[in-house]
Structure formats: C-alpha cells, structure tokens
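1. Starting from these lines, generate the structure:
(3 chains)
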Amino acid sequence: MKIELTRQKVHNEFAKKVELISGQNLFACYQCGNCTAGCPVAFAMEIGPHEVIRYTLLGLEEEALGVNTFWLCASCLQCTSRCPKGIDIARVMDALRTVLLRKKERKDHIQIPEFPEGFLEKLPQIAFISGFRKFLS
Amino acid sequence: MGDNGFIKRAMVIGGGIAGISASIDLGNGGYEVILVEKLPSIGGRMLQLSETFPTLDCAQCTLTPKTVETGQHSHIRLLTYSEVDSVEGKAGDFKVRIRRKAAYVDWEKCTGCGLCQQKCPSTNPSEFDRGMGLGKAIYTLSPQAVPNKPVINPAHCRYFKEKKCRVCEKICPVGAIDYEQKDRFVEERVGAIITAVGFDLIPKESFGEYGYGEIPDVIDGLAFERLNSASGPTTGEIRRPSDGKIPKEVVFIQCTGSRDPERYMPYCSRVCCMYTGKHARLYKHKVHDGQAYIFYMDIRSTGKGYEEFIQQGMEEEGILYLRGRVSRIFRDGEKIIVWGVDTLIGKKVEIPADLVVLATAILPQKDSKDLANKLGIETDEYGFLTEAHRKLRPVETNVEGVYIAGCAQGPKDIADAVAHANAAASKVQGLFAKHS
Amino acid sequence: MRYALCAMRFLGFIVDYLYFPGCTLYTKAKNFDQTARDCSLLLGFELKELKNWTCCGATFPLATDNIMALLPPSRILATAREEGTALTTLCAVCFNVIKRTNRLIQEDGEKRDKINNFIEKNYQGDLQILHYLEILKKEIGFNRLKEKLKKPLVELKAAAYYGCMLLRPFEEMEFDDKEKPTLFEEFLETLGAKAIEYPYKIECCGSFQSVGSPDVATECAYKILSSAIKNGAEVMVSTCPMCTFNIDHKQSDIKQKYLDFKPIPVFYFTQLLGIAMGLDWQTLGFEQNAVDPLPLLKEKGLL
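-> As a prediction, this is how the structure comes out:
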C-alpha cells in the first residue's frame, strides 16, 4: 500500500484527462468528504467520491478506475450542490465513466443480453435511455 | 493639549476586551479616554462566555476586574448605549458626533437596585442569550454590568407597543423611568481614535442543509456558551432547547460557514477549533455519560498550551474527533440525524444526535463598513477593517490617528485581541508623544 | 368542448404554451400527459405540442467535450423558438436537460456556434423554459387555481417528492430553494390536501441505477418512501416518470426485501389536480399507476 510520488506522477496524464473531460480542477479538492457524506448511494460504494478524486489526483489509474464508485453515481448533483470548493463532483464521476467507456476495448458496463426476462419491457423509456447513455460504450 | 492645539485625548469605539484593554493602557498613561459602546454596558463578547481556553478560567472572573477598573478609572469616561454618528477632522483634532441612545431611564437618578427588571412582566427571546433564554423589556446585560444601569427596549416594552403596563415607572424608588426620553447628540474632540468594534457570527439561519435555523436543538457556539453559563438560561446545565432534557449524544461541527469559498466565507475563523474543543470538554465535565463528537477538517491550535489542550480533550475526555464535514442535518422524531463522513477511514457516518453545536463563521459587525466610511478608513470585501500593512503595521490604518484593535480587524482569540489593543494604545501614545 | 375553447380564445382568455412531452409521457406515463392537458384546459391554457420533437436525451451531458449529446435538446430549443417564446414541460428530467442546455447555449459562444452549425439553426438561447408547476404558480396563481376546484382533497395527507432534477443545480434551475423547497407543498395545500414534510423529499430516487444497479435504486426508493410514511404520508406525489418508476413500480421489489413494507399509492401531481378539479376519475389514467390508488381514494371519498 505504499506509493512513490514524483512530479510526473502528480501531473499525470490520467488526471489531466479527467480534468479536461470534467472541466474541474482536482487540486481544489481539500478532501473534506462533504460529497461522500451527502451522497445517497455512497452506502453501496467501495470508496467514496472524495477518495476516487484522491486516487485520480495521485495518478493511481488502476485503483481509480477499478472501483464501483462512479458506476453507482446517479448524477443527482447533491455532491455538486454542497461542495465548499465549488467542484462539480458529478462531472468528475461522469468523466471517469467516460474515460473507461472510451477505451479501445469498448467494454460496456451493463450487458443487455444478460437482463432478466421482461426487464426492459417494464422500464420506462427515460430509464433505459439514460441508463444506456451512462453505461454503454 | 500639545503644540498647535494637538488634542491629547483618545476615543475608543467598542467596549469589548480589546477596547477595554486599550482604554486602561491609555488611562494609565495619563491620557483622557472616551469609551463609546453601543450596548448598555461594557464587556463585549466575553460577557457571553462561560470559560476561556486553554485554562478554562471563568470568563467573568477574568473580565469583571477589567470592566470595573475601566468603570472606576479616573481618566476613562464611559459613553455606553451610544454610537458614533459622524467624524470630521484629522489626527490631533477629530470632531466626533455621538448619538446617545434613549434608554428611557434617567441614569443620573438610577441606583441600580434592579427592582424594575424583577417586576417587568414582558418576556422576550433574549438576543444576549442567542434566543434561547427569555429577557425582560427593561434589562441590564448581566448582574455585574458596568455601568449597572438598565435600558428599555421599546420593541419589547408593553408601554411602547400598547400603551399599557408602566410597572417599572411605578416600582422605581427614585422615579428614574422616563418614557419621554429622546436620543440626543454630544460632540467630543479627540486626537486619536481606536476602533475596536468586535465581531458577529454568521447566523445559523443561513444554512439550508442544517435546517435554516428551524431545528431548536441545532445551536451555534455562542448559544452553547450561554447554556454552559451559570448566568445563562439554564443556570449552567447543558439541556436541549426543545425539551430541556440532558443530551447524551452531542455533535459539534467545526468550519460551519468558514473555509467555504463556494457557499459562505472563504477564510478560516481562527478560534473555532479551540472553542469547539473547549465546548466538548466542558460538556463532558458536566455530562459524564455523554459522548461528544467533533467533525473537523483540520485542528488549528497554535497558541501557547493550545495543542496540549486539544490532545488532553481526546485522551482524557474521550472526545471522538471525526475528520470530515457534515453534509446534512435533519430532524427525525426526537433525534437530529447528522450525515457526516470520516475521511480517515473513508466511511459515511450517521449519528442520531440529541444536540448539535455549529461553530459558525466569524463576521465583522454589520455596521462596520458604515463606521469605516465615517472614519475614512478601508475595509476588506467582508467588512473587516484594513490594517496599514498586513505584516508590519497591524494596528494602524491608512488614516493617521485612526487605529484598529481586536476582531474588528479579523478573527482572533482573547490573548491576541488584548495584544492587538495594547499595540494600538502604544501607537496612540507614540503619536501623542510626537506632539509635546 | 373545442367550440367553447375557440370562443374563449377569441375572447382572449386562453393562453397557449408550447409543450414538450418527452418520450415517456407519450407511452408509459401517458396518464401524466393526459391529465396535464385536461386540467390545463379547465384552467384556461392549452398545451400546444411542438410540431417536431425528439427525445431530449434523458441526461444532461456532464462530459464537457460531449457535444453530440447536446444536439437533441438544442434542436428542441431551436425549433421551439421558431414557434414561440416559452416552452413548458412536465417531466422533471426533460425540464433539467432542456433548461441546462439553454443556459449552456446562452453562456458558451463557441459551443453555441458549433451546435447551430450542425443542426443548421440560429438559436441564441432566448427561449423561456417553464415547468408546468411554475405556470400554475406564476402565470395562473394558486389563488385563482383554488377558485376553480370542484373537489378539494380534504383530509388527504400527501407527501410531495421533488427528487433531484427540478432543484439542482440551483444556479441553473432557479426553481425553488434546493434545501427546503416549498412550491410543491404550496400546490398541494391549494388543492386542499395536507402536505407532509419529510427529510427525504429532496433525496435521489436512484434514477437510472434501476438499470445499472437495481438493488441500490430499490434501497434509495425504500428510504424515501419509509421516511414519508413515517411522517404520516398516505400518498406520494411525483413530477417525474423516472422517479415514479422507482418509487411506484419498484414497490414490488421493495416488498421482496422488506417484508413488512406497506404499499403507498404514487400520483403524478396532475392526477391529483384532476381529481380536485372534478374530472371523471376514469379519465385520470389510474390503470397505469403501479400501486392501485382506488381503494384509498374511495376511502377518502374522493372518487
């Protein structure tokens, strides 16, 4: 659990990409955890939104992208609305999703053929449109 | 009077610990001091405190000798219940017009017996007790008020509102009640002015995520001081404002409105880490089987003995410090649900609390910009008075002869406020010495 | 009815509002759409459906370089602006997407030009976006609404569920206070119901997680419903087909996990409005409500 830091690690490509896509400055986060404290789905997350931001900042791409945190994000914007530093955390979560979905492997997060029988028919359009946009590559 | 009519008399605006310290210094230096205070008596915020960090000395025991000394000092003239109306002139000859507000009590006649306060039938939420206790329409701020003369608040008085009552007038043994009194103006000429008007707190009603001030058991730090004070609304017992029960789970939240550039104040209010640690320790001293939780982002304990005080609180009182902010507070039945986080282990924390104490951000007084305009000095964007040089000239302003002291310049604790005030007094004496 | 409308319109009484229904309101939430249209006629305005519309995308694109996702809502705005100056919608998600896109077009000149270029329009961001509830409050006024009620919902304890998209981000939505909104409660009280306050009214229902992580969405819905029920709610009132799916249709999922959970009917606010305005209950689309509201309504004498 030890990491070694250098200036290249701190200003790493992964963090820069996430900052570009989200339009947010990850250095502004002072890790107060307000986002995690108010997140309605954080109870099911492996690590909270503020931790994922920390992993990203430190260039720990594998760890940051390997957790379920941003997949569970419902873009409810509660975190964004309460962040004392004005960081739009929902955008950062979406950026992490986007980084993964845009990778060459084009791996979907949900597998439509694996849905139970009749699942899609029951859903209102709004659910699968937004769901597919968030989870499909 | 010095050369060319340079007046060697000083005015101190603000009768808190900074104003009092400066006045005593100048008075002891042989100069006449006029101390203007907008409340009926001097003492400022320290009057509202129960005990001070890090020694946990009784605040009134520390303060009262100073207020008495000020009140009895041969060189200090107290103009309480008064406000500065206008200022003209320059160093050595300032003409200050002061509004002496109508107290509706003739202070020349009043003996301070206190009968009027006892018999007044009107009770209203007391501003001094942060709305938690009830006060009378005719009041002194404390039993040891200097001067010990009451004033009538016409907004709460039955006579002024409905032309009824007049009990105080009837009961006063020396006939000191005078409902016809009007504000009057006096003019004073002084050579130097020290502005020590103190601070205010951001109201808890500002915080929508914490209930907009509508949850009675969510209070601010100053209200907790009143709860803990022997002269307070509960005679010093820590009780929930809603039902008077003793709280067993108390959550303290630091940085409420501070270090929050997006939503509230961007700066650090400097004293909350210390006074929150103090509050938690005082709570544990009184409620042995209670648990205190403190949500913090950092601990700023820079003074002498401060860090040791905080650590002692953790080790001896079992206060649980949780590193993280609180996103939301809401009521659930009798409990107050607190949604916070412990960032050190990365877990959301939910606490069903009995009482929540918010360490709210320190603001300048509401009228500080107004006063600064009258004096011709500058404030920053928040209203804190601006010093002449951030590092090297902390008590002077851009106007010669006008000095600043205490929290009016920025948040600080009592020791720093006194040092600041001593420095301001020293500058005044230096100014006077130049013109001998 | 149409003849009467033409006459009223001639006399200048009926105002048209351009209306964007959204995909779900035409199908799975048709009851929401129909009741809104019926009620509006009784209140003196008509929902004039946009001539050409497509799905809005159902999420506002949070990735700053995702301009493709801005095209559908931009096109909706541009074509709406060709037809009128104000656009209304019922679905909270559509409201959010369209209003946020509008704000982006107003503020980001570079993106505005790129989008306009692609969709071959010249939209400048000057369309006014109103939610149906805002029309009721600001344009008609709750007082006037009260006068037109035939059957006030007396004794009905209704819990308004705002969800997220109406309120956040506050700077862009400008709908109501994001921590303590009151517009919906005002509306319910106007209808004669007793509005129930409960802490979870602004918490997320789980949204599209009912596709990605359905158990998590079930948990979110359970917390919201049990909070409302604990505070005395008899019915929930919603303004979003996504929320309604999560807190109405998913009650069967909740029941599987929490065995003693008691179902509670969920209405679209226009269904309650319809009852209060005296519409025939059989036209209010209750057959699309997952939890059957009829027993409760009968008990309250509101049918």
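2. hey, let's count contacts and neighbours off CA atoms from now on
-> OK.
3. Can you tell me which residues in the stretch 101-250 of chain B are near chain C?
-> Counting by C-alpha under 8 Å from any C-alpha of the partner chain, the positions of the stretch 101-250 of chain B adjacent to chain C are B:208-209.
4. run the last query once more with 10 Å
-> Counting by C-alpha under 10 Å from any C-alpha of the partner chain, the residues of the stretch 101-250 of chain B lying close to chain C are B:207-212.
5. how long is stretch A:98-108 end to end?
-> In stretch A:98-108, first residue to last residue: 11 Å (C-alpha to C-alpha, to the nearest Å).
6. Report whether that stretch contacts chain C.
-> Yes - Stretch A:98-108 is in contact with chain C by C-alpha under 10 Å from any C-alpha, via A:98-99.
7. Please state the offset of that stretch from the chain centre?
-> Counting by C-alpha atoms, centre = their mean, to the nearest Å, stretch A:98-108 is centred 13 Å from the centre of its parent chain.
8. what does that stretch rub up against?
-> Residues lying outside stretch A:98-108 but in contact with it, judged by C-alpha atoms under 10 Å, 6 or more residues apart in numbering or on different chains, are A:14, A:17-18, A:21-22, A:65-66, A:92-96, A:109, A:132, A:134-137, C:62-63, C:66.
9. what does stretch B:364-374 give?
-> If you take C-alpha under 10 Å, 6+ apart as the criterion, stretch B:364-374 is touched by B:13, B:83-88, B:96, B:195, B:197-202, B:375-386, B:407-411.
10. Any buried residues in that stretch, and which?
-> Using 16 or more other C-alpha atoms under 10 Å in any protein chain shown as the burial criterion, the residues of stretch B:364-374 that qualify are B:364-365, B:368-369, B:371-372.
11. for stretch B:308-328, same thing?
-> By neighbour count, and taking 16+ other C-alpha under 10 Å as the criterion, the buried residues in stretch B:308-328 are B:309-310, B:313-314, B:317-328.
12. same thing with stretch C:178-188?
-> C:178-179, C:183-188.
13. Helix, strand, or coil at the residue in the stretch 151-300 of chain C positioned nearest to chain B?
-> Using C-alpha to the nearest C-alpha, the closest approach of the stretch 151-300 of chain C to chain B is made by residue C:179 at 5.3 Å. Using DSSP: H, G, I helix; E, B strand; the rest coil, the secondary structure recorded for residue C:179 is coil.
14. Could you find the closest non-adjacent residue to it?
-> Nearest residue to residue C:179 in three dimensions, chain neighbours excluded: residue B:208, at 5.3 Å (C-alpha to C-alpha, 6 or more residues apart in numbering or on different chains).
15. How about residue B:27?
-> Counting by C-alpha to C-alpha, 6+ apart, residue B:75 is the residue found nearest to residue B:27 once chain neighbours are left out, at 5.2 Å.
16. Look up phi and psi at the one you found.
-> Geometry field for residue B:75 lists phi and psi as phi -100, psi 0, criterion degrees, to the nearest 10.
17. Save the residues of the stretch 101-250 of chain B next to chain C as a markdown table, and put in distance to residue C:218 too.
-> Written out in a markdown table, the entries for those read as follows (distance: C-alpha to C-alpha, whole Å):
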| residue | distance to residue C:218 |
| --- | --- |
| B:207 | 30 |
| B:208 | 27 |
| B:209 | 25 |
| B:210 | 27 |
| B:211 | 27 |
| B:212 | 30 |
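18. From the residues you listed, list just the buried residues.
-> If you count burial by 16+ other C-alpha under 10 Å, the buried members of those come out as B:207-211.
19. okay, those in CSV with pLDDT next?
-> Formatted as CSV, the entries for these read as follows, by pLDDT from 0 to 100:
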residue, pLDDT
B:207, 97
B:208, 96
B:209, 96
B:210, 97
B:211, 95
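20. These: which two are farthest apart?
-> Of all pairs drawn from these, the greatest distance, 6.5 Å, lies between B:207 and B:211 (C-alpha to C-alpha).
21. Next, show the common contact partners of those two.
-> Each of B:328-329, C:179 lies in contact with both residue B:207 and residue B:211 under the rule C-alpha under 10 Å, 6+ apart.
22. Switch these over to a markdown table; also include pLDDT.
-> Listed next are these as a markdown table, based on pLDDT from 0 to 100:
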| residue | pLDDT |
| --- | --- |
| B:328 | 97 |
| B:329 | 97 |
| C:179 | 95 |
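23. Which of those sits closest to chain A?
-> Lowest distance from chain A to these (C-alpha to the nearest C-alpha) belongs to residue B:328, with 6.6 Å.
24. chain center to the helix or strand that contains that closest one: distance?
-> Taking DSSP states H and E as the definition, one finds residue B:328 inside strand B:326-332. Here the centre of mass of C-alpha atoms in strand B:326-332, compared against the chain's by C-alpha atoms, centre = their mean, lies 28 Å away.
25. Just checking: what are the partner strands of that strand?
-> strand B:335-342 (antiparallel) (DSSP bridges).
26. quick check: mean pLDDT across the strand it pairs with?
-> Summarised as a single mean, pLDDT over strand B:335-342 is 97.
27. Give me the buried stretch members for that strand, please.
-> Applying 16+ other C-alpha under 10 Å to strand B:335-342 flags B:336-342 as buried.
28. Name the nearest of the residues you listed relative to chain C.
-> residue B:337 (9.9 Å).
29. does residue B:89 sit in a helix, a strand or a coil?
-> When states are read from three-state DSSP, the local structure at residue B:89 comes out as strand.
30. Hmm, I typed the wrong one, I wanted residue C:165.
-> On the three-state scheme (three-state DSSP), residue C:165 is labelled coil.
31. lowest-confidence helix or strand of chain A?
-> Across the helices and strands of chain A, the lowest-confidence element by mean pLDDT, DSSP states H and E is helix A:119-122, at a mean of 87.
32. who does that helix touch, helix- and strand-wise?
-> Helices and strands touching helix A:119-122, by 3 or more C-alpha pairs under 10 Å, 6 or more residues apart in numbering or on different chains; DSSP states H and E, are helix A:125-135.
33. Report the mean per-residue pLDDT for the helix it packs on.
-> On average, the pLDDT along helix A:125-135 is 91.
34. ok, now stretch C:55-71?
-> Looking at stretch C:55-71 alone, the average pLDDT works out to 93.
35. ok now that stretch, how far from the chain's centre?
-> Relative to its chain's centre, stretch C:55-71 lies at 20 Å (C-alpha atoms, centre = their mean).
36. Quickly check: it near chain A or not.
-> Yes - applying C-alpha under 10 Å from any C-alpha, one finds stretch C:55-71 touching chain A at C:55-66, C:69.
37. now the end-to-end length of that stretch.
-> Length of stretch C:55-71, first residue to last, C-alpha to C-alpha: 11 Å.
38. Next: stretch B:375-382.
-> Looking at stretch B:375-382, the gap from its leading to its trailing residue is 17 Å under the measure C-alpha to C-alpha.
39. just stretch C:60-75 next, same as before
-> Separation of the first and last residues of stretch C:60-75 by C-alpha to C-alpha is 14 Å.
40. before we move on, back to that, off-centre distance for the least confident helix or strand of chain A?
-> With C-alpha atoms, centre = their mean as the basis, the mean position of helix A:119-122 lies at 26 Å from the chain mean.
41. got a list of contacts for that helix?
-> Identification of contacts with helix A:119-122 by C-alpha under 10 Å, 6+ apart yields A:112, A:127-128, C:28, C:211, C:245, C:249.
42. re earlier: just the ones in helices from the buried residues of stretch B:308-328, please.
-> For the buried residues of stretch B:308-328, membership in helices holds for B:309-310, B:313-314, B:317, with DSSP state H as the criterion.
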